[in-house]
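Visitor: after the sequence you'll find the predicted model.
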Protein chains: 2
Amino acid sequence: MLRFGATDDSVIARLRWLATEAGPLLGAALRASGGIDLRAHMAQALRMGDEMHQRNVAASALLVRALMPHVARVGGRHGAVARLAEFVAGNDQFFLNVAMAAGKALAAPAGGVAHSTLVTAMARNGTDFGIRVSALGDRWFTAPVETPVGLYFPGFGPDDANPDLGDSAIVETIGLGGGAMAASPAVARFVGAGGVAEALAVTAEIREICHGEHPYFLIPALDERGAPAGIDVRRVVETGIAPLINTGIAGKKAGTGQVGAGVVRAPLACFEQALEALLP
Amino acid sequence: MLRFGATDDSVIARLRWLATEAGPLLGAALRASGGIDLRAHMAQALRMGDEMHQRNVAASALLVRALMPHVARVGGRHGAVARLAEFVAGNDQFFLNVAMAAGKALAAPAGGVAHSTLVTAMARNGTDFGIRVSALGDRWFTAPVETPVGLYFPGFGPDDANPDLGDSAIVETIGLGGGAMAASPAVARFVGAGGVAEALAVTAEIREICHGEHPYFLIPALDERGAPAGIDVRRVVETGIAPLINTGIAGKKAGTGQVGAGVVRAPLACFEQALEALLP
């Protein structure tokens, strides 16, 4: 989750409810459904203005719509169905959790390919930013992480921001998030990255460091061109263009929670080290 | 409804179910919810690629998400909740019915304003196209309706098409549908109207016959400009640009149902007659 909440009683109660009621009910509904084709689902949401990192309203609503018949069927009479429906109705970022898992599932099989210079993971922990590269297996290449630039929730500002953190950059690893900004001019405004022209420019820039275009994640605003996919460490080092992450900004004081949303660049040093390691 | 089904037993059974179970359950949920702000809801869907005539997937999914907590709460234990959830999950055009009612509710108060030359209703019945104009009250100005041009479902072609019909052009009357094509490049392809450039051109053209820009229906792809709204009969006659309707194509043989989707122009003669009637 990218929502960092204070660890007060309401947070603990919600985590308990997720573990004991919502999670099992969602799991039972998912099994009853026979599974959701997440790649098709995400392709549809991308056509609806989600880049699936800082905007997930379409993917979340579509997932709710697909799962509710099964939730209602397996949920029986008790109020659990209504409580779950209420929780998901109130959380536009609900799908981000699913997108991260899908991202990992989509990226992991690309690991361990001999001579492949494609990035298979990006993550950050508030101190360092790390990447993995296909031919280099499970090894992490790390460098100090930057602090996002963006817009702040009322009452917060840049002084409250922690350097970037979280596992969610796996979304950018598979061609969504920052690189898919052209599909989501609304998110460009939300993260303070400008308007339509700036959103198109970001996607065009990220295209320069990618191996190709995603065959399923198509962008209607680009007349159905695929989102740039397959970040290549050679191209990153050659162009000096670092991947762009659409990110939530966490408060640096423990318990503050999320204080804004913005963009952050991956540090070039990770890619330079990886390229060095790829040399024979 | 724009889905014209054969009047076989399954259609009758579905209508019975809608009347006796789904309708009352939706009604109870809606009352329990305290009401849905449809203008805000439609503004959100427009930001997600719906023009709300031939594309309603976002509006439908968002409505399901908003109503399901209340459906589950008032629906109790029986299978009605699951049946309703299944029905709405399988119908991307579910919201069109709501959009038409909202369109009527939004347009009607603009009627009966002295000297106002704005169009307050557009409708067609398979034979004629009719418009109402604010200053002219409830009077209809009609002319023979055209046949849509578009794409056909497998097994059908232009020879199977009926001239345009239905109440749904009320969606275009309030600034959505054809005139909002720029918000919905995906629908432009669906109705065979081209790609992004053509979608932008349609909205730019319809802007020429409109009084202004909608203050709530904003289009992210146009850097938050409002959809063209308030069709003015004077501008239609002056420019010769007729409103464009994104429409379902009905089969001309009774019982065939919908055979495709396309675009159709309102006949200029309606507007010429209305302008004539407006002259002192």
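Guide: Here it is on my side, so go on.
Visitor: who in the stretch 51-200 of chain A is up against chain B?
Guide: Residues of the stretch 51-200 of chain A lying close to chain B by C-beta under 8 Å from any C-beta of the partner chain are A:57-58, A:60-62, A:64-66, A:68-69, A:71-73, A:75-77, A:79, A:81-82, A:85-86, A:88-89, A:185-186, A:189, A:195-196. Quick note: C-beta positions are derived from backbone N, CA and C, even for glycine.
Visitor: show me where chain A has strands.
Guide: Per DSSP state E, chain A carries strands over the ranges A:119-125, A:128-133, A:141-144, A:149-152, A:165-166, A:210-219, A:225-231, A:244-250, A:258-265.
Visitor: most neighbours per residue, which of those strands?
Guide: Among those, ranked by average contacts under mean count of other C-beta atoms under 10 Å in any protein chain shown, first place goes to strand A:244-250 (a mean of 27).
Visitor: which residues does that strand contact?
Guide: A:2-4, A:51, A:53-54, A:122, A:126, A:148, A:150, A:152, A:161-162, A:164-166, A:168-169, A:172, A:177-179, A:181, A:187, A:191, A:193, A:202, A:205-206, A:256-266 (C-beta atoms under 8 Å, 6 or more residues apart in numbering or on different chains).
Visitor: check stretch A:120-129 too.
Guide: With C-beta under 8 Å, 6+ apart as the test, stretch A:120-129 has contacts from A:104, A:107-108, A:110-111, A:130-134, A:142-146, A:162-167, A:169-170, A:172-173, A:231, A:243, A:245, A:250, A:266-267, A:270.
Visitor: mind doing that once more with 7 Å?
Guide: By C-beta atoms under 7 Å, 6 or more residues apart in numbering or on different chains, the residues outside stretch A:120-129 that reach it are A:107-108, A:110-111, A:130-134, A:142-145, A:162-167, A:169-170, A:172-173, A:243, A:266-267, A:270.
Visitor: where does the stretch 1-150 of chain A have low pLDDT?
Guide: Within the stretch 1-150 of chain A, the ranges that satisfy pLDDT under 70 run A:1-7, A:77-78.
Visitor: which stretches in the stretch 151-280 of chain A count as helices?
Guide: Secondary structure of the stretch 151-280 of chain A (DSSP state H, counting those that start in this stretch): helices at A:170-173, A:185-190, A:196-207, A:233-239, A:268-278.
Visitor: how far does the fourth one sit from the chain's center?
Guide: So the one you mean is helix A:233-239. Put simply, helix A:233-239 sits 22 Å off its chain's centre (C-alpha atoms, centre = their mean, to the nearest Å).
Visitor: mean confidence for it?
Guide: Averaging pLDDT along helix A:233-239 yields 98.
Visitor: buried sites along it?
Guide: For helix A:233-239, a neighbour-count test (16 or more other C-beta atoms under 10 Å in any protein chain shown) marks A:V233, A:R235, A:V236, A:V237 as buried.
Visitor: cool, the third one as well?
Guide: By neighbour count, and taking 16+ other C-beta under 10 Å as the criterion, the buried residues in helix A:196-207 are A:V196, A:A199, A:L200, A:V202, A:T203, A:E205, A:I206, A:R207.
Visitor: how close does the fifth one sit to chain B?
Guide: Distance of A:T203 to chain B, computed by C-beta to the nearest C-beta, to the nearest Å: 14 Å.
Visitor: quick check: end-to-end length of stretch A:221-236?
Guide: The straight-line separation of the ends of stretch A:221-236 (C-alpha to C-alpha, to the nearest Å) is 25 Å.
Visitor: mind checking how far it is from the chain centre?
Guide: Its chain's C-alpha centre and that of stretch A:221-236 lie 16 Å apart, by C-alpha atoms, centre = their mean.
Visitor: which residues touch that stretch?
Guide: Against stretch A:221-236 from outside (C-beta under 7 Å, 6+ apart): A:117-119, A:133, A:174-176, A:179-180, A:182-183, A:203, A:206-215, A:217-219, A:242-243, A:268, A:271, A:274-275, B:185, B:195-196, B:221.
Visitor: repeat that for stretch A:73-92.
Guide: Residues outside stretch A:73-92 that contact it (C-beta under 7 Å, 6+ apart): A:21-22, A:25-26, A:28-29, A:32, A:56-57, A:60, A:64, A:68, A:71-72, A:94, B:65-66, B:68-69, B:72-73, B:76-77, B:81-82.
Visitor: using CSV, write out the CA atom coordinates for it.
Guide: Written as CSV, here are the backbone C-alpha positions of stretch A:73-92 (Å, rounded to 0.1, in the frame of the first residue of the first chain):
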residue,chain,number,x,y,z
ARG,A,73,-22.7,-15.1,-4.2
VAL,A,74,-20.1,-16.4,-1.8
GLY,A,75,-20.7,-13.7,0.8
GLY,A,76,-24.2,-14.9,1.8
ARG,A,77,-26.4,-12.9,4.1
HIS,A,78,-24.1,-11.2,6.6
GLY,A,79,-23.0,-7.6,6.3
ALA,A,80,-19.5,-8.5,5.1
VAL,A,81,-20.6,-7.9,1.4
ALA,A,82,-21.8,-4.4,2.2
ARG,A,83,-18.6,-3.6,4.3
LEU,A,84,-16.3,-4.8,1.5
ALA,A,85,-18.3,-3.0,-1.2
GLU,A,86,-18.1,0.2,0.9
PHE,A,87,-14.4,-0.1,1.4
VAL,A,88,-13.6,-0.6,-2.3
ALA,A,89,-16.0,2.1,-3.3
GLY,A,90,-14.1,4.6,-1.2
ASN,A,91,-10.6,3.9,-2.4
ASP,A,92,-9.7,5.0,-5.9
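Visitor: buried stuff in it?
Guide: Within stretch A:73-92, the residues scored as buried using 16+ other C-beta under 10 Å are A:73-75, A:80-89, A:91-92.
Visitor: among those residues, which ones are in helices?
Guide: With helices defined by DSSP state H, the entries of the buried residues of stretch A:73-92 inside them are A:73-75, A:80-89.
Visitor: looking at these, which is nearest A:L46?
Guide: Closest to A:L46 out of these is A:V88 (20.1 Å), distances taken as C-beta to C-beta.
Visitor: I'd like to know how far that closest one sits from A:A82.
Guide: Distance of A:V88 to A:A82, computed by C-beta to C-beta, to the nearest Å: 11 Å.
Visitor: cool, and A:V11?
Guide: 22 Å.
Visitor: and if you look at A:G155?
Guide: 33 Å.
Visitor: any part of stretch A:10-25 near chain B?
Guide: No. Shown here: stretch A:10-25 not in contact with chain B (C-beta under 7 Å from any C-beta of the partner chain), separated by at least 11.4 Å.
Visitor: for that stretch, buried residues please.
Guide: Those would be A:E21, A:A22, A:L25, for stretch A:10-25 by 16+ other C-beta under 10 Å.
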